[in-house]
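J.: After the sequence you'll find the predicted model.
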Amino acid sequence: MSHLGIDIGGTKVALRLERSGAAVGAPPQETRFTWPSEGGAAADLEALASALAALRRPSGDPVTAVGVALPAAVDADGRVRGWPNRPAWQGLDVRRRLSALLPGAQVRIADDGDLAALAEARAAGCRDLVHFGVGTGIGGGMVLDGVMRPGTARGSCEVGHVVVDRSGGARCDCGRHGCVQALASGRATLRRAARALGRPVDFDELRQAWTGREKWAVETVTAGASALAAAAVSLAELVHPEVITVGGGFAAGLPGYVDRVADHVGALRRPAGPSPEVRAAALGALSSLDGALLLARGTGTGAVTPGAA
């Protein structure tokens, strides 16, 4: 029995194949590639097919189940309803296309943030966890009693769209105002930095100024960390997680960022309220891929819609 995890991103794709018949201690096979710059969905699928063929070539064993981590909005049948990063995928039936590439395999699809939360919960050894991935946007999810919630059959846990500002503040990519993503994401933080300085600011400049404790950078980053903490505290009141993890490239690139979020969580929590531990994500960029492989195994995913070929 072979399981395949696929982490599909807006620019890159990672694949990991786990073979049941592999020698004891043998690592899974992995490969990564970048989407073609032109050619739309057809070129993307051709690149994915080539990567799959190369990954399976050593033995050619059939793949039993596939777990796919996908940041796009997908309906219950596996068809893309919307994906701003790759608009050519609109309407693409991902499950059917993968089933054609991997005959006989069960194809399971879930949100990449949900799967990152599942993998982080496994890594932390805890059954109740909320995860935030702070990158260009904000993704993440939650695991309750060891199971990814709300589950693949009920849509994703959109932690980035928790509303934390009702003052008519920044507009989110979703069209609403006040989402934590519109205040704490990497993109939002750099926009705030640009307004503070009156010119564009890139991440390297922000990181250097943050590390050097320059006032404009500290205020800019702290505003986002405070908004993220508000979302974390609100979710903690609802689901009482043991742990809240903060990951993603933006958070990981700013030393002390997670500590700042934890400080704000501590300041906002009620004295008698839930008190989860806030910590940095353990798996970094691999959390969604690890989660995709867990999805393929059907581990901790709740009610899985299998989508058998």
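T.: Nice, I can see it. Quick caveat, the model's predicted, so the values are computed rather than measured. Numbering: from 1, shown residues only.

J.: so His177 makes contact with Arg171?
T.: Yes. Using C-beta atoms under 8 Å, His177 is in contact with Arg171, at 5.4 Å. (Each C-beta comes from the backbone N, C-alpha and C, glycine too.)

J.: how about the strands in the stretch 51-200 of the chain?
T.: Assigned by DSSP state E, counting those that start in this stretch, the stretch 51-200 of the chain shows strands spanning 65-70, 73-74, 80-82, 106-111, 129-134, 138-144, 147-149.

J.: Quickly compare those and say which is most buried.
T.: strand 129-134 (a mean of 30; mean count of other C-beta atoms under 10 Å).

J.: What's the separation between Arg32 and Ala43?
T.: As defined by C-beta to C-beta, to the nearest Å, Arg32 lies at a distance of 17 Å from Ala43.

J.: Local confidence estimate at the closest residue in space to Val143 that isn't next to it in sequence?
T.: In space, Val143 comes closest to Ala121 once its chain neighbours are excluded; the distance is 4.0 Å by C-beta to C-beta, 6 or more residues apart in numbering. We have a pLDDT of 96 for Ala121.

J.: Hmm, Gly146 and Ala121 touching each other?
T.: Yes. Applying C-beta under 8 Å, one finds Ala121 in contact with Gly146, separated by 7.3 Å.

J.: list residues touching both of the two?
T.: Shared contacts of Ala121 and Gly146, defined by C-beta atoms under 8 Å, 6 or more residues apart in numbering, are found at 127, 300.

J.: Looking at these two, which has the bigger crowd around it?
T.: Each of Ala121 and Gly146 has its neighbours counted (other C-beta atoms under 10 Å); Ala121 has more, 29 against 15.

J.: got a list of what that one touches?
T.: 127-129, 131, 143, 146, 243, 300.

J.: Am I right that Glu237 sits in a helix?
T.: Yes. Using DSSP: H, G, I helix; E, B strand; the rest coil, the assignment for Glu237 is a helix.

J.: That one - how many residues pack around it?
T.: Counted with other C-beta under 10 Å, the neighbours of Glu237 add up to 12.

J.: Report the contact partners of it.
T.: Taking C-beta under 8 Å, 6+ apart, one finds 273-274 in contact with Glu237.

J.: for Gly137, phi and psi?
T.: phi -120, psi -160 (degrees, to the nearest 10).

J.: Kindly report the same for Thr245.
T.: Here Thr245 shows phi and psi, under degrees, to the nearest 10, equal to phi -110, psi 150.

J.: Distance check, it against Ser288.
T.: From Thr245 to Ser288 the distance is 13 Å (C-beta to C-beta).

J.: show me where the stretch 201-309 of the chain has strands.
T.: Using DSSP E, counting those that start in this stretch, strands in the stretch 201-309 of the chain cover 243-247, 277-280.

J.: export these to a markdown table and tack on mean pLDDT?
T.: Listed next are the strands of the stretch 201-309 of the chain as a markdown table, based on pLDDT from 0 to 100:
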| stretch | mean pLDDT |
| --- | --- |
| strand 243-247 | 96 |
| strand 277-280 | 96 |
